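J.: Next come a sequence and a model predicted from it.
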2 protein chains.
Amino acid sequence: MKEISRWKNFGGDLVVFEHDAKTTQSVMTFAVFIPPQAKEKPVPVLWYLSGLTCTWANVMEKSGIQAYAAKHGVIVVAPDTSPRGENIPDNEQYDLGQGAGFYLSATEQPWAEHYQMDTYITGELQQLIINNFPVDDEKQGVLGHSMGGHGAITLFLKHAKLYKSCSAFSPILSPSDVPWGQKAFQAYLGSNKDTWQAYDATQLVKSHQSEQEILIDQGSEDQFLSTQLPKEDFLAAANEHDQAVMYRLQAGYDHSYYFVASFMEEHIAWHVRQLKES
Amino acid sequence: MKEISRWKNFGGDLVVFEHDAKTTQSVMTFAVFIPPQAKEKPVPVLWYLSGLTCTWANVMEKSGIQAYAAKHGVIVVAPDTSPRGENIPDNEQYDLGQGAGFYLSATEQPWAEHYQMDTYITGELQQLIINNFPVDDEKQGVLGHSMGGHGAITLFLKHAKLYKSCSAFSPILSPSDVPWGQKAFQAYLGSNKDTWQAYDATQLVKSHQSEQEILIDQGSEDQFLSTQLPKEDFLAAANEHDQAVMYRLQAGYDHSYYFVASFMEEHIAWHVRQLKES
């Protein structure tokens, strides 16, 4: 693990690292915000999963998450959205390949060797964080935006022992039914749609539920709302299978980080409350 | 005045405009954050002046200022840092020409025709804002970062009736004595250094004082601190001429927006308090 950059920020430290990841067979980059409280005792950790094209930088530069993490005393980890590099398979379009890992473990060529983001985040990077930072590993939550909102909800449902709280901004809730998800799943998982269900929140919630309520904010003026982010099937499935969801359609907001920033304080407070009770 | 972009943000609106500015004989771009309180009554206005290379976007994307402006109910105006365009004189280096207007009114060629940022901000744009937004024009403050910190302090001292509060992050306090300032003043104002004094905070404060205290934060690890941002002469002159200054050297912080964001809440609260009392 090699430190790339470090900034003092809200009384804590924002640090960017890279490391040779076995899971993805690549150099992976991630950022960690360490609040001042972590100097005294282990603190909860929130995993922030970013959207298409993003790196660790979008959330740390644009969301204000560090202000609220410093206030409440939680570590924030921001992984990259895929493996990257010259030798890593890619696609010229923004919604497949580098920057578009979709938080799944690919089975198809040419992706399977490197695109193992589910296993990387919940296994290898999880262990690296626990081993190197003062985290209370019984108090972990996950949140994300857009593709990362999909990642947050699916990893939360799949890894119930790991994450005790979950929230999402503008998540892709039914990836098997929308262009972004269909394109990625077809490429990474192949044409047998049965395999897609393990990474589709609307399907997952039928067999995996958490006792913790999931918080979801979407903007009513999100330009992707009707085409990529429809909510109805997920909310119906969650309701039928007793997964509590606090769904809020926020009037006037779009898909941007101006939207994410506007509700970040409430999301962090939500996680802190749930982690205290868990 | 033409609306270019609009986002709902923290319950208010972030709007980007462009207009044909007579002062600079160019199209000028600026952003305004309008908090929800402005729907009900005129509110105070804070002018945020950005640093070298910046546009309206840096502060609105990276500083979190909208969160605190929404909390306190103040409008924020973020002008550009210079005129821009194909027909506007420029320099290939980042610290002269487009993106580097230094908040002064140039007298030298080829700059004088367009580089009138002092007059533009305190005259033409001032009037445009008053005419088009619900501002309480008796309650105006100015703040900025780096070159914009220089702009905030010099415009505050020069235009005492306009601005009732002032703060700065990492300001250039003695531009006549440091490379950034010398290069810009030589180009924009010429070689007669007497003319530089009107735009040098350390000189200005000897003849212009405000009853309001100025808040200044600098980072102890700012990479420009000793070369471009020395504070000693300004603090001595302010002290000698009874200009109150709250100077804080913030341990461990650098020149970045991670530093600005860390103290933005305190700066906005400082302005709100001073504007209430003014």
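T.: On my side now, so go ahead.
J.: and A:Pro134, what is it in contact with?
T.: A:Pro134 makes contact with A:Ile34, A:Ala38, A:Lys39, A:Lys41, A:Pro42, A:Val43, A:Ile75 under the criterion C-beta atoms under 8 Å, 6 or more residues apart in numbering or on different chains. Quick note: C-beta positions are derived from backbone N, CA and C, even for glycine.
J.: Show me these that map onto strands.
T.: A:Ile34, A:Val43, A:Ile75 (DSSP state E).
J.: burial count for the last one?
T.: By the measure other C-beta atoms under 10 Å in any protein chain shown, the count of residues near A:Ile75 is 25.
J.: Can you show me the strands along chain A?
T.: Taking DSSP E as the test, the strands found in chain A are A:2-9, A:12-21, A:26-34, A:43-49, A:75-79, A:135-145, A:165-169, A:214-219, A:245-250.
J.: circling back to that earlier point, out of the contacts of A:Pro134, which are buried?
T.: Neighbour-count burial (16 or more other C-beta atoms under 10 Å in any protein chain shown) applied to the contacts of A:Pro134 gives A:Ile34, A:Ala38, A:Pro42, A:Val43, A:Ile75.
J.: rewinding a little: can I get the ones in strands among the contacts of A:Pro134 in a markdown table including distance to chain B and pLDDT?
T.: Formatted as a markdown table, those follow (distance: C-beta to the nearest C-beta, whole Å; pLDDT from 0 to 100):
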| residue | distance to chain B | pLDDT |
| --- | --- | --- |
| A:Ile34 | 13 | 98 |
| A:Val43 | 19 | 98 |
| A:Ile75 | 16 | 98 |
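J.: returning to what we had before: which single one of the buried ones among the contacts of A:Pro134 is nearest to A:Lys276?
T.: A:Val43 (12.1 Å; C-beta to C-beta).
J.: any idea which of the buried ones among the contacts of A:Pro134 is closest to B:Leu128?
T.: Using C-beta to C-beta, those come closest to B:Leu128 at A:Ile34, 44.1 Å.
J.: what sits against that closest one?
T.: The contact partners of A:Ile34, by C-beta under 8 Å, 6+ apart, come to A:Gly12, A:Asp13, A:Leu14, A:Val15, A:Ile75, A:Phe133, A:Pro134.
J.: Going by distance to chain B, which of those wins?
T.: When the contacts of A:Ile34 are compared for distance to chain B (C-beta to the nearest C-beta), A:Leu14 wins out at 6.1 Å.
J.: I figured the closest one was touching A:Ala31, is that so?
T.: Yes - using C-beta atoms under 8 Å, A:Leu14 is in contact with A:Ala31, at 6.4 Å.
J.: who touches both of these two?
T.: A:Met60.
J.: Bridging across strands, which residues link to A:Thr29?
T.: A:Thr29 has these beta-bridge partners by DSSP bridges: A:Glu18.
J.: Pull the most distant pair out of the buried ones among the contacts of A:Pro134.
T.: Farthest pair in the buried ones among the contacts of A:Pro134, by C-beta to C-beta: A:Ile34 and A:Pro42, 11.5 Å.
J.: Looking at the ones in strands among the contacts of A:Pro134, which one is closest to B:Gly151?
T.: For those, the nearest to B:Gly151 is A:Ile34 (34.0 Å; C-beta to C-beta).
J.: A:Ala106 is in contact with A:Ala112, correct?
T.: Yes - at 4.8 Å, A:Ala112 and A:Ala106 qualify as touching, with contact defined as C-beta under 8 Å.
J.: Of the two, give the one with the bigger neighbour count.
T.: Taking other C-beta under 10 Å, A:Ala112 and A:Ala106 do not tie; A:Ala106 has more neighbours (23 against 15).
J.: Surely that one touches A:Phe185?
T.: No - using C-beta under 8 Å, A:Ala106 is not in contact with A:Phe185; the gap is 9.7 Å.
J.: average pLDDT for the biggest helix by length in chain A?
T.: In chain A, assigned by DSSP state H, the helix with the most residues is helix A:257-277. Average pLDDT, helix A:257-277: 97.
J.: same check, this time on stretch A:118-129
T.: Here the average pLDDT along stretch A:118-129 is 98.
J.: ok, now how distant is A:Gln197 from chain B?
T.: According to C-beta to the nearest C-beta, to the nearest Å, A:Gln197 stands 35 Å off from chain B.
J.: Tell me the confidence at A:Tyr103?
T.: As predicted, A:Tyr103 sits at a pLDDT of 98.
J.: Please name the nearest non-neighbouring residue to it.
T.: Using C-beta to C-beta, 6 or more residues apart in numbering or on different chains and skipping the chain neighbours, the partner closest in space to A:Tyr103 is A:Gly151 (3.2 Å).
J.: residues near the one you found, how many?
T.: 33.
J.: mind listing what it touches?
T.: Residues in contact with A:Gly151 (C-beta under 8 Å, 6+ apart) are A:Leu49, A:Phe102, A:Tyr103, A:Met117, A:Ile121, A:Val142, A:Gly144.
J.: could you measure it against chain B, distance?
T.: In terms of C-beta to the nearest C-beta, A:Gly151 sits 23 Å off from chain B.
J.: centroid residue for chain A?
T.: Centroid-nearest residue in chain A, with C-alpha atoms, centre = their mean: A:Leu49, separated by 2.5 Å.
J.: Any idea what it is bridged to?
T.: Bridge pairing for A:Leu49 - DSSP bridges - gives A:Gly144.
J.: Contacts for stretch A:86-93, please.
T.: Here stretch A:86-93 has contacts from A:Ser26, A:Ser82, A:Gly97, A:Gln98, A:Ala100, A:Pro110, A:Trp111, A:His114, A:Tyr115, A:Ala187, using C-beta under 8 Å, 6+ apart.
J.: How far off centre is it?
T.: Its chain's average C-alpha position is 22 Å from that of stretch A:86-93, according to C-alpha atoms, centre = their mean, to the nearest Å.
J.: Also stretch A:78-89?
T.: 15 Å.
J.: What residues does the spatially closest residue to A:Asp118 that is not a sequence neighbour make contact with?
T.: For A:Asp118, ignoring the flanking residues on the chain, the nearest one in space by C-beta to C-beta, 6+ apart is A:Ser105 at 4.5 Å. Residues in contact with A:Ser105 (C-beta under 8 Å, 6+ apart) are A:Tyr115, A:Gln116, A:Met117, A:Asp118, A:Thr119.
J.: Between the residues you listed, which sits nearest chain B?
T.: Checking the contacts of A:Ser105 against chain B by C-beta to the nearest C-beta gives A:Met117 as the nearest, at 26.5 Å.
J.: how many other residues sit next to that closest one?
T.: Neighbours of A:Met117 under the rule other C-beta under 10 Å: 28.
J.: Ok, A:Phe259 next?
T.: When neighbours are defined as other C-beta under 10 Å, A:Phe259 has 26 of them.
J.: Show the model's pLDDT score for the closest residue in space to it that isn't next to it in sequence.
T.: In space, and not counting its chain neighbours, A:Phe259 is closest to A:Tyr253: 4.1 Å by C-beta to C-beta, 6+ apart. pLDDT, A:Tyr253: 98.
J.: Surely A:Tyr253 is in contact with A:Glu221?
T.: Yes - judged on C-beta under 8 Å, A:Tyr253 makes contact with A:Glu221 at a distance of 6.2 Å.
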